[in-house]
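S.K.: below are the sequence and a predicted model; questions follow.
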Amino acid sequence: DQQVKQNSPSLSVQEGRISILNCDYTNSMFDYFLWYKKYPAEGPTFLISISSIKDKNEDGRFTVFLNKSAKHLSLHIVPSQPGDSAVYFCAASAGYGGSQGNLIFGKGTKLSVKP
Amino acid sequence: GAGVSQSPRYKVAKRGQDVALRCDPISGHVSLFWYQQALGQGPEFLTYFQNEAQLDKSGLPSDRFFAERPEGSVSTLKIQRTQQEDSAVYLCASSLSRGLGGYTFGSGTRLTVV
């Protein structure tokens, strides 16, 4: 059973508009969440993270929102650029800074930003 | 090097053949992870090393999979008697410490078992 779910396999957005990628999780023990970006034939690249004590973390054009009661997080990219076109993976871990740290990944969402 | 290096980039193996995949982590990174990514899926955890100690191997799918990191730097993932279901991209990641989630991934080794 998938503990981290990305229900949208793909998303298409116009350049300059907002991209919103969603992620749901089932394990209430998860306390650290990350987004990775992956280009073809490359490994995932860390993008942004958030711990469960926060509900928002911002880094430039990227903002991650966490709704713990709904077990939902989202990644906002504003404004979207063609270079943002990639597969985005949501990941979660339990016991941040503690004994755990293995990442549980979703299946990914392929974002296409059209010029 | 500046990043995590994996070799080979591509490997085609005949079913039943043994393979060895290599990972050179970022110098000084204590933590090293192996993940398996099947087509259309997200990466799935295989095993974790802290220096030379393999602290977690709960994700290894069978006893045909074996990983080592004898000197706490380079790691090798070995798959014995490969099967078609082993076909996947094998990703290595390293980090300064386990608690930090911003691991640096290598580009992976794409294994195809025919």
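M.R.: Perfect, thanks for sending it. Numbering: from 1, shown residues only, chains lettered A, B, ... in the order given.

S.K.: surely A:P82 meets A:G16?
M.R.: No: contact criterion Cβ atoms under 8 Å: A:P82 and A:G16 do not qualify, at 10.2 Å. The way it works is simple: take the backbone N, C-alpha and C, and place the C-beta from them, glycine included.

S.K.: just for chain A, where's the confidence low?
M.R.: Along chain A, the model assigns pLDDT under 70 to residues A:95-101.

S.K.: for it, what lies in contact range of chain B?
M.R.: Taking Cβ under 8 Å from any Cβ of the partner chain, the part of chain A that reaches chain B is made up of A:4, A:32, A:34, A:36, A:41-46, A:49, A:89, A:91, A:93, A:96-98, A:101-108.

S.K.: so what's the residue most central in space within chain B closest to, chain neighbours aside?
M.R.: Against the mean C-alpha coordinate of chain B, by Cα atoms, centre = their mean, the closest residue is B:W34 at 3.4 Å. Once flanking residues are discounted, B:W34 sits nearest to B:L46: 4.2 Å by Cβ to Cβ, 6 or more residues apart in numbering or on different chains.

S.K.: quick one: the one you found and B:C23 touch, right?
M.R.: No: contact status for B:L46 versus B:C23: not in contact, 11.4 Å apart, counting by Cβ under 8 Å.

S.K.: neighbour-wise, which of the two wins?
M.R.: Just comparing B:L46 and B:C23: by other Cβ atoms under 10 Å in any protein chain shown the higher neighbour count belongs to B:C23, 27 against 22.

S.K.: ok, the more buried one - contacts?
M.R.: B:C23 makes contact with B:V4, B:S5, B:Q6, B:L32, B:W34, B:V74, B:S75, B:T76, B:L77, B:C92, B:S94, B:G106, according to Cβ atoms under 8 Å, 6 or more residues apart in numbering or on different chains.

S.K.: now it: how far from A:A92?
M.R.: 23 Å (Cβ to Cβ, to the nearest Å).

S.K.: and the strands in chain B?
M.R.: B:5-7, B:10-13, B:19-24, B:31-37, B:44-50, B:53-56, B:65-68, B:75-79, B:88-95, B:104-105, B:109-113 (DSSP state E).

S.K.: no wait, chain A
M.R.: Taking DSSP E as the criterion, chain A carries its strands at A:4-5, A:10-14, A:19-25, A:30-38, A:45-51, A:56-59, A:62-67, A:72-77, A:86-94, A:104-105, A:109-114.

S.K.: what about these, which gets the closest to B:P61?
M.R.: When the strands of chain A are compared by Cβ to Cβ, strand A:104-105 sits nearest B:P61, at 15.9 Å.

S.K.: that closest one pairs with which strands?
M.R.: Paired neighbours of strand A:104-105 in the sheet (DSSP bridges): strand A:86-94 (antiparallel).

S.K.: circling back: just the contacts of B:C23 now: which is nearest chain A?
M.R.: Nearest to chain A among those is B:G106, at 5.1 Å by Cβ to the nearest Cβ.

S.K.: neighbours of the closest one, just the number please.
M.R.: Counted with other Cβ under 10 Å, residues neighbouring B:G106 total 24.

S.K.: contact residues of chain B facing chain A?
M.R.: Neighbours of chain A within chain B, by Cβ under 8 Å from any Cβ: B:4, B:31, B:33, B:35, B:40-45, B:48, B:56, B:59, B:91, B:93, B:98-108.

S.K.: buried ones among those?
M.R.: Taking 16 or more other Cβ atoms under 10 Å in any protein chain shown as the criterion, what is buried in the residues of chain B next to chain A is B:4, B:31, B:33, B:35, B:42-45, B:48, B:56, B:59, B:91, B:93, B:98-99, B:101, B:103-108.
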